[in-house]
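In: sequence and computational prediction follow.
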Amino acid sequence: MSEKKPTIAVIGGTGNQGIGLSMRWYKAGYSLIIGSRDKNRAAQTANIIRDKLIKITNSASIEGTGNLEAVTRSDVIVLTVPYAYQLETIRSISKALENKILVDVTAPLVPPKVGTVQLPENGSAVVAAQNMLGDNVSVIAAFQNIAAQHLSNLEHNIDCDVLICGNKKADREVVVKLAGAAGMKGWHAGPLANAAAAEALTSVLIFINRAHKIKGAGIRITDGTDNHER
């Protein structure tokens, strides 16, 4: 008997990163609910994804609605809004998050110097989310270092790894599986406090993109040998 896949809500799912992740999970057979402050825009985005992948998958459902309804009807919530709206958005859906997993993709990018590490005073944007929500919500940090253009291009494999931080190993493992379903290797990277390293790496990668004129730099974990298993 196959394991039942959780229903995923992607909050901020009308943005580039949210759309890319949604496309990959929908292709892998997960049921998706796109959440947005504008439920009509969320519905339009869901229809676009469904139409684009209609020849690839019909085993899962995808729809769009408002943020709060999307969270209420889902098992795992993925937050993909810009840093400036992170805590405001979490506050608006907090009552529906209790006893659920919140996967926070937030990297604290502060324009105009997004290529410079600018961690918040408490050390981590995702830790700030956990502090706001309390212990009844399991916040997991993941996907901060994956460029949106890689996610939305389903024609190529993503040659990047995902650092997954959280205080509960079982909940991290849920997200490791989601990373795998989206075509990436997920790594248990320790407690939520370690998310500061992943958040900082986002600015480092942006700087590398600019300095070396490349697109979508990412990270890979290796044991230093050429026979490392992916």
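Out: Done, it's in.
In: okay, now residue 5: neighbour count?
Out: By other C-beta atoms under 10 Å, the residues close to residue 5 number 18. For every residue, glycine as well, the C-beta is placed using N, CA and C.
In: over to residue 85?
Out: For residue 85, using other C-beta under 10 Å, the count is 14.
In: residue contacts, it?
Out: Counting by C-beta atoms under 8 Å, 6 or more residues apart in numbering, residue 85 makes contact with residue 12.
In: helix/strand/coil for it?
Out: Put simply, residue 85 is helix when judged by DSSP: H, G, I helix; E, B strand; the rest coil.
In: gap between it and residue 180?
Out: Separation of residue 85 from residue 180 (C-beta to C-beta, to the nearest Å): 29 Å.
In: can you give me the helices for this protein?
Out: 16-27, 39-52, 67-72, 86-93, 125-133, 148-152, 169-181, 195-212 (DSSP state H).
In: among those helices, which is nearest residue 163?
Out: Minimum separation from residue 163 across the helices of the chain (C-beta to C-beta) falls at helix 195-212, 4.5 Å.
In: could you give the average pLDDT over stretch 61-73?
Out: Per-region confidence: stretch 61-73 scores 97 on mean pLDDT.
In: tabulate the CA atom coordinates of stretch 130-150 in PDB.
Out: This file holds the C-alpha atoms of stretch 130-150, laid out as PDB (Å, rounded to 0.1, in the frame of the first residue of the first chain):
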ATOM      1  CA  GLN A 130       8.800  30.000  15.100                       C
ATOM      2  CA  ASN A 131       9.000  32.400  18.000                       C
ATOM      3  CA  MET A 132       5.900  34.100  16.800                       C
ATOM      4  CA  LEU A 133       3.900  30.900  16.400                       C
ATOM      5  CA  GLY A 134       5.100  29.000  19.500                       C
ATOM      6  CA  ASP A 135       5.600  25.200  20.000                       C
ATOM      7  CA  ASN A 136       2.300  24.100  18.500                       C
ATOM      8  CA  VAL A 137       3.500  24.800  15.000                       C
ATOM      9  CA  SER A 138       6.600  23.000  13.600                       C
ATOM     10  CA  VAL A 139       8.500  25.500  11.400                       C
ATOM     11  CA  ILE A 140      11.000  23.900   9.000                       C
ATOM     12  CA  ALA A 141      13.400  26.000   6.900                       C
ATOM     13  CA  ALA A 142      14.100  24.800   3.400                       C
ATOM     14  CA  PHE A 143      14.500  25.800  -0.300                       C
ATOM     15  CA  GLN A 144      16.100  29.200   0.400                       C
ATOM     16  CA  ASN A 145      19.000  28.500  -2.000                       C
ATOM     17  CA  ILE A 146      17.100  27.300  -5.100                       C
ATOM     18  CA  ALA A 147      16.700  29.800  -7.900                       C
ATOM     19  CA  ALA A 148      13.100  30.200  -9.200                       C
ATOM     20  CA  GLN A 149      14.100  29.700 -12.800                       C
ATOM     21  CA  HIS A 150      15.400  26.200 -12.000                       C
END
